[in-house]
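S.K.: Coordinates only, no sequence provided:
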Ligand SMILES: Nc1ncnc2c1ncn2[C@@H]1O[C@H](COP(=O)(O)OP(=O)(O)OP(=O)(O)O)[C@@H](O)[C@H]1O
Ligand SMILES: [Mg+2]
């Protein structure tokens, strides 16, 4: 499987399942000076999904989150959050969107910023590993509120335990799929990540857990 076969939104296979895209990135380019971090990047995330963002150090995970929440300006492309083009934000629309989304940086209480029990929330979290309590909180909230979560995590056990899909930053773009789809994705970084010693251990633990 090569990047040429990717579907719209950087997807390996269609996972929209009739749901709206709560996050839609098209042709996004970010750069600092002459250093291009993302280029021609497409990514879709659907309502109720929990997606883990992974990639080698310096591939642009943090920059991508910062760009989505408006702390960094994309040089090109389009970013829609809950159907709203983030470049066109002003006044009421901006306040509206802010009340329906949450942003969480490392080491904070997860949902302290979410005061409104809206049914569409996109907290964006960077975290190394999720503890039990966090996983349970996400599963309460996802079901009741249709919560969608995009989070950076390097912890393969968390990916297996809570993520519906994994988004991988590769060659300045995102390739998003289930772990099974990524296991079949022919890219050296992906193969090493999921099939290396840590990946195999996490897969074993997951299959033990679901059998017993
Ligand atoms: N404000 C900035 N000014 C200049 N360059 C930056 C800035 N922020 C990030 N970069 C560069 O952009 C690239 C991507 O950085 P980023 O922090 O997003 O990587 P990352 O994938 O989050 O890495 P890590 O896994 O180590 O957290 C790096 O080369 C980094 O040096
Ligand atoms: Mg980072």
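M.R.: In hand now; what should we look at? Since we're looking at a predicted model, the values are computed, not measured. Ligands and ions are numbered 1, 2, ... in the order given.

S.K.: Every contact and neighbour count from this point should use C-alpha atoms.
M.R.: Will do.

S.K.: Please settle this for me: is residue 51 part of a strand?
M.R.: Yes - secondary structure of residue 51 (DSSP: H, G, I helix; E, B strand; the rest coil): part of a strand.

S.K.: what bridges to it?
M.R.: Residue 51 forms beta bridges with residue 150, residue 165, as assigned by DSSP bridges.

S.K.: can you pull the contacts of it?
M.R.: 45, 149-151, 163-167 (CA atoms under 8 Å, 6 or more residues apart in numbering).

S.K.: can you list these in a markdown table and add pLDDT?
M.R.: Listed next are those as a markdown table, based on pLDDT from 0 to 100:
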| residue | pLDDT |
| --- | --- |
| 45 | 92 |
| 149 | 83 |
| 150 | 85 |
| 151 | 84 |
| 163 | 89 |
| 164 | 92 |
| 165 | 95 |
| 166 | 96 |
| 167 | 96 |
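
S.K.: Weed out the non-buried ones from those.
M.R.: Buried members of those, counted by 16 or more other CA atoms under 10 Å: 45, 149-151, 163-167.

S.K.: Out of those residues, which is nearest to residue 38?
M.R.: Taking CA to CA as the measure, residue 38 lies nearest residue 167 of these, at 13.8 Å.

S.K.: where along this structure do the helices fall?
M.R.: Taking DSSP state H as the test, the helices found in the chain are 61-68, 91-100, 132-145, 156-162, 179-183, 188-195, 197-211.

S.K.: okay if I get those helices as CSV plus mean neighbour count?
M.R.: Shown next, in CSV, are the helices of the chain (neighbours: other CA atoms under 10 Å):
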stretch, mean neighbour count
helix 61-68, 20
helix 91-100, 13
helix 132-145, 14
helix 156-162, 19
helix 179-183, 16
helix 188-195, 16
helix 197-211, 13
